[in-house]
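**Student:** return a 3D structure for these sequence lines:
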Amino acid sequence: ADNMSFSRGLAAALALLAPAPTDAFTPRTAARVSQVSRRGGRCGAIRMVASGSTRVVVTGLGPVNGVGMGQEEFFDGLLHGKSSLGDITRFDVAPDIFTCKIGSQVTDDFVAADYFTNPKSAKSNDRYTHFAVAAARLALDDAKLEVESCDQTRVGVVIGSAFGGMETYETQTLKAHNGKKVSPFTIPALLGNTAAGIVGIEFGCKGPNFGTVSACASATHSMGSAMEFIQKGDCDVMIAGGTEAAITPTSFAGFCSMKAMCTQHNDSPTLGSRPFDADRCGFVMGEGAGVVVLESLDHALKRGAHIYCEAVGYGASCDAHHITTPAPEGEGLGRSIEMALKGSGVDHTEVDYINAHGTSTAYNDKFETMAIKGVFGDHANDLYISSTKGVTGHTLGAAGGLEAIACAKAIDTSKIPPTVNYNTPDPECDLNYTPNKLIELPTVRAALSTNLGFGGHNAAILFKKFEP
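**Tutor:** As a prediction, the model looks like this:
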């Protein structure tokens, strides 16, 4: 396992060093390149896609969330601000340690066994894997793709999660501490790579398969990695995204102890998540999964697939600043956005929509705004920006997957979902956050999804309207 991890890490590092064109500079990129030259070639964080790489398109969308199951119900909920936030019912939040008592839970009518080929397989897996399998099946059904009809060795899976099998860990730890026998499935159920592995087993995917763990940037890192396998010509299809089931006593209590979650709206849950609003007071946790089907353009065209959009850019960086607080002025996130734009063929002025990380926390929303302004310059004022966490809750490692789906649908329908609960402008968050009402445009040329995670992890993925 250690050798495999080293090999994957080395391959990823080599991919970042690949030669690439120098188009799609942003105002800040040009300034940084000049600065690097003056400093004698100091290493920057500029990643570019190799010239002539295989084009990658999005053909299937699989959201699992309290807002909705499947892309149509989910996106309609985003567009119309149908909040999934409510009282936590999965465990008792009465004790004082739970200062936040609200969240977004996947509805009670979700039956994991319905999504497994063998319903008994659901019993041995954690809820986070249940969501991943359900989202993958929804995405493949949406793509009208049977893995068995493909070269299965060229179909891969990358699924991210921040917490992995948290529910399994907590329940089995209690058993062990009380001297009771733990389940023989405990270890595989709690591992962070199990969701990817089970998706591969369930659908017969024999290509690259692994999990990503980078807190709330996990899903975006997974999709970016998956995109690169296709760009390099190693795979025809990748199933990628994120999954999370962290609405558990320990994780909830931990975030409450950090004072990271909203505590002011326990009696009015739907008002709790208010990204970029001056009265925001912390995030509201959600759960679920967001999985997309990525294909090489040639593979998608040959089978007549519906193409939602094209995936054209991916960037990743580290703040190297603080374990939980973003870098001042959003410098690290800004570099990720620049990477996604570099070599994408998309000029920064062609980006019409950003689905922002927008967690409804003081620092994230402020520094993310600064990052966007730093990269896009004057064009930042022309952007439509929204955070859909006001209705989905913050789904942690699944967030990027659900938000990539929002971007793909925005491009496909030319409709921008709003930021709900945006009522009081914050002078430090002074861009257009598409407040409370959807916007329909003549076209959405390109859309960007951004995510930040504890540890200083940043990721951005760029999609554009498909043109043959």
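
**Student:** give me the below-cutoff pLDDT ranges for the chain.
**Tutor:** Per-residue confidence of the chain (counting by pLDDT under 70) places the weak regions at 1-52.

**Student:** so the residue nearest in space to the middle of it, which state does it fall into?
**Tutor:** When the chain is reduced to its mean C-alpha position, the nearest residue by C-alpha atoms, centre = their mean turns out to be G400, at 0.9 Å. G400 carries the three-state label helix when classified by DSSP: H, G, I helix; E, B strand; the rest coil.

**Student:** which residues touch it?
**Tutor:** 160, 216-223, 241-242, 290, 449, 451, 459, 461 (C-beta atoms under 8 Å, 6 or more residues apart in numbering). Yep, even glycine has a C-beta here, placed from its N, CA and C like the rest.

**Student:** repeat that with 7 Å
**Tutor:** Applying C-beta atoms under 7 Å, 6 or more residues apart in numbering, we find G400 in contact with A217, A219, T220, M223, G242, S449, N451, A459.

**Student:** and the third one, what element?
**Tutor:** Following DSSP states H and E, the helix or strand that holds T220 is helix 218-231.

**Student:** just the fifth one next, same as before
**Tutor:** Take DSSP H and E as the rule and G242 turns out to sit in strand 237-244.

**Student:** now stretch 459-468: buried residues?
**Tutor:** Within stretch 459-468, the residues that count as buried by 16 or more other C-beta atoms under 10 Å are A459, A460, I461, L462, F463, K464, K465, F466.

**Student:** measure the closest residue to the fourth one other than its chain neighbours to D76 for me?
**Tutor:** If you skip the residues right next to it in sequence, L462 has G313 as its closest partner in space, 3.6 Å away by C-beta to C-beta, 6 or more residues apart in numbering. Separation of G313 from D76 (C-beta to C-beta, to the nearest Å): 28 Å.

**Student:** out of these two, which sits in the more crowded spot?
**Tutor:** For G313 versus D76, the count of surrounding residues by other C-beta atoms under 10 Å is larger for G313: 27 against 15.

**Student:** quick check on that one: phi, psi?
**Tutor:** With angles defined as degrees, to the nearest 10, G313 shows backbone torsions of phi -160, psi 150.

**Student:** just checking, it touches A340?
**Tutor:** Yes: proximity of G313 to A340 meets the contact threshold set by C-beta atoms under 7 Å, at 3.8 Å.

**Student:** overlap of the contact sets of the two?
**Tutor:** Jointly contacting G313 and A340 under the rule C-beta under 7 Å, 6+ apart are I461, L462.

**Student:** now do the helices in this protein.
**Tutor:** In the chain, helices defined by DSSP state H lie at 2-16, 27-38, 71-79, 127-143, 166-177, 186-190, 194-203, 218-231, 249-258, 297-302, 331-341, 362-376, 389-392, 399-413, listed in chain order.

**Student:** CSV for those, including distance to P427?
**Tutor:** As requested, the helices of the chain are arranged in CSV below (distance: least, C-beta to C-beta, whole Å):
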stretch, distance to P427
helix 2-16, 38
helix 27-38, 22
helix 71-79, 27
helix 127-143, 39
helix 166-177, 38
helix 186-190, 44
helix 194-203, 41
helix 218-231, 29
helix 249-258, 26
helix 297-302, 45
helix 331-341, 20
helix 362-376, 10
helix 389-392, 20
helix 399-413, 26
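
**Student:** C318: which of those is closest?
**Tutor:** Of all the helices of the chain, helix 331-341 sits nearest to C318, with 6.4 Å by C-beta to C-beta.

**Student:** so the protein: which segments form each domain?
**Tutor:** When the chain is parsed into structural domains using automatic domain parsing, the resulting residue ranges are 2-50+312-464, 56-302.

**Student:** so A132 touches A289, yeah?
**Tutor:** Yes: between A132 and A289 there is a contact under C-beta under 7 Å: 5.2 Å.

**Student:** so for the two, which sits in the more crowded spot?
**Tutor:** Here A132 and A289 are set side by side on neighbour count (other C-beta under 10 Å), and the busier one is A132, at 39 against 35.

**Student:** residue contacts, the more buried one?
**Tutor:** For A132, the contacting residues are I159, A195, V199, T243, A289, V291, by C-beta under 7 Å, 6+ apart.

**Student:** beta-bridge partners for the fifth one, please?
**Tutor:** Okay, so that is A289. V64, T243 (DSSP bridges).

**Student:** in this structure it contacts A245, no?
**Tutor:** No: A289 is beyond contact range of A245, at 8.7 Å (criterion: C-beta under 7 Å).

**Student:** okay, the contacts of G400 in a markdown table with distance to I97 next?
**Tutor:** Shown next, in a markdown table, are the contacts of G400 (distance: C-beta to C-beta, whole Å):
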| residue | distance to I97 |
| --- | --- |
| A217 | 28 |
| A219 | 29 |
| T220 | 31 |
| M223 | 35 |
| G242 | 27 |
| S449 | 34 |
| N451 | 28 |
| A459 | 32 |
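
**Student:** among these, which ones are buried?
**Tutor:** Applying 16+ other C-beta under 10 Å to the contacts of G400, the neighbour count classes A217, A219, T220, M223, G242, S449, N451, A459 as buried.

**Student:** closest to S386 out of those residues?
**Tutor:** Of all these, S386 sits closest to S449, with 11.1 Å by C-beta to C-beta.

**Student:** tell me the spacing between the closest one and V284.
**Tutor:** In this view, S449 and V284 are 20 Å apart by C-beta to C-beta.

**Student:** do the same with K120
**Tutor:** 34 Å.

**Student:** swap in E148?
**Tutor:** As it turns out, when the distance is counted by C-beta to C-beta, E148 lies 40 Å from V284.

**Student:** also T325?
**Tutor:** 20 Å.

**Student:** what distance do you get for the residue lying farthest from the centre of the chain to I372?
**Tutor:** Relative to the average C-alpha location in the chain, and by C-alpha atoms, centre = their mean, no residue lies farther out than G179, which sits at 38.8 Å. Per C-beta to C-beta, G179 is found 54 Å from I372.
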